[in-house]
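Peer 1: fold the following, please.
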Amino acid sequence: MTTTRTHTETEHAYPAPESESESSPRPGAGPGTGAGPGTDSRPGAGPGPEAEARTAAGAAAGAERGPGGARRGPSGAAARDEPPAEPLAELLHRTRWILFDFDGPVCRLFAGYPARGIARRMASWLDARPGGRALAAGAALSKNPQALLRAVDTRDTEGGTVRALEALLTGEELTAIESARPTPYLAELLHAWYASGRRFAVTTNNSPLAARRYLELHGLDAYFADHYHGRGLPLRLKPDPYCLTEAVKSLEADPRATLMIGDEPGDAKAARAAGIPFLGYAERPSRRAELCAAGAKHVVASYAEVL
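Peer 2: Predicted coordinates:
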């Protein structure tokens with residue numbers, strides 16, 4: 001079952017966060033110490049200068065225009081005009097709560113422990129189980145562990161196989177965190193935003209146990225308190241907005257003053273379904289284009305752009 005924790009601070013009012021000062025305490029620090037969980041992860045010179053955020057319009061630059069300047073989609077049909085996106089700076093200014101996807105926005109989970117190897121081991125496990133390969137159907141040769149799990153979930157009417165397979169995947173993810181690559185500038189971002197009054201949760205299709213353990217290993221868990229919302233059973237993976245709505249409840253947040261940061265089209269779709277503004281995170285241009293196609297109005301390639 002998806003983990004839901006109760007936030008200990010009631011935050012019904014949501015004025016614009018105050019600007020950060022160097023003396024602002026980090027979570028778990030004593031009054032006026034300015035120290036956070038573990039060691040201070042800021043570079044000596046502080047975070048880099050602000051850079052102009054990439055917007056969906058910028059990422060989709062070059063779209064064909066029809067008569068009168070109407071934008072046309074890939075099929076050539078005129079696209080419906082949409083209201084202009086809220087400037088990213090204004091969106092961030094009014095944001096009080098931030099929901100982070102895990103693999104990508106927090107770390108590269110499978111940087112040293114490839115997902116395709118996990119998928120192969122899951123497929124081998126299914127092969128050894130009576131009727132297991134049939135449950136995977138067309139996803140049996142997938143290199144994506146989540147796709148394999150989804151496929152089994154749709155066909156496993158008794159539920160025993162998907163439960164065992166999900167437990168296997170959780171174990172693999174707990175191994176993967178040992179060699180995961182930290183996302184650049186995440187620690188600096190958490191410190192700056194926490195000091196300005198913002199609060200955080202993890203909303204992921206990965207195991208919440210893996211997300212919590214990774215943040216503990218890197219001394220960042222205090223920023224998230226007990227707000228870890230991820231894969232569980234019954235399986236409700238994004239773009240289902242379930243983990244986002246559970247995070248909003250546990251934070252006692254207002255969705256209008258909440259921001260979801262994700263790197264997959266499913267993240268953007270889940271945020272839209274939950275009524276939560278979305279910020280895409282993508283280092284590769286191809287992924288930025290995918291996020292824009294999924295409806296993302298703002299996409300950044302680095303957290304340095306929003307520090």
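Peer 1: now do the strands in the protein.
Peer 2: Along the chain, counting by DSSP state E, strands occupy 54-55, 97-100, 107-108, 181-182, 199-203, 228-229, 258-262, 278-281, 298-300.
Peer 1: lowest average confidence across these, which one?
Peer 2: Note on the strands of the chain: lowest mean pLDDT is at strand 54-55, with a mean of 41.
Peer 1: and the residue nearest the centre of the chain, what does it touch?
Peer 2: Central residue of the chain (Cα atoms, centre = their mean): residue 101, 1.3 Å from the mean position. Taking Cβ atoms under 8 Å, 6 or more residues apart in numbering, we find residue 101 in contact with 202, 203, 204, 260, 261, 262, 263, 264, 267, 281. Backbone N, C-alpha and C define where each C-beta goes, glycine included.
Peer 1: mean confidence score for the helix ranked longest in the chain?
Peer 2: For the chain, the helix that runs over the most residues, judged by DSSP state H, is helix 160-176. Averaged across helix 160-176, pLDDT comes to 97.
Peer 1: buried residues of that helix, list them for me.
Peer 2: Neighbour-count burial for helix 160-176, counted by 16 or more other Cβ atoms under 10 Å, picks out 161, 162, 164, 165, 166, 168, 169, 170, 172, 173, 176.
Peer 1: tell me the one among those nearest to residue 133.
Peer 2: Nearest to residue 133, judged by Cβ to Cβ, of the buried residues of helix 160-176 is residue 161 at 10.9 Å.
Peer 1: ok, that closest one to residue 248 distance?
Peer 2: Remark: distance between residue 161 and residue 248 (Cβ to Cβ, to the nearest Å) = 32 Å.
Peer 1: hmm, back to that, which of the contacts of residue 101 sits closest to residue 242?
Peer 2: Checking these against residue 242 by Cβ to Cβ gives residue 203 as the nearest, at 9.3 Å.
Peer 1: pretty sure that closest one sits against residue 245.
Peer 2: No. Look at residue 203 against residue 245 with Cβ atoms under 8 Å: they stay out of range, at 9.4 Å.
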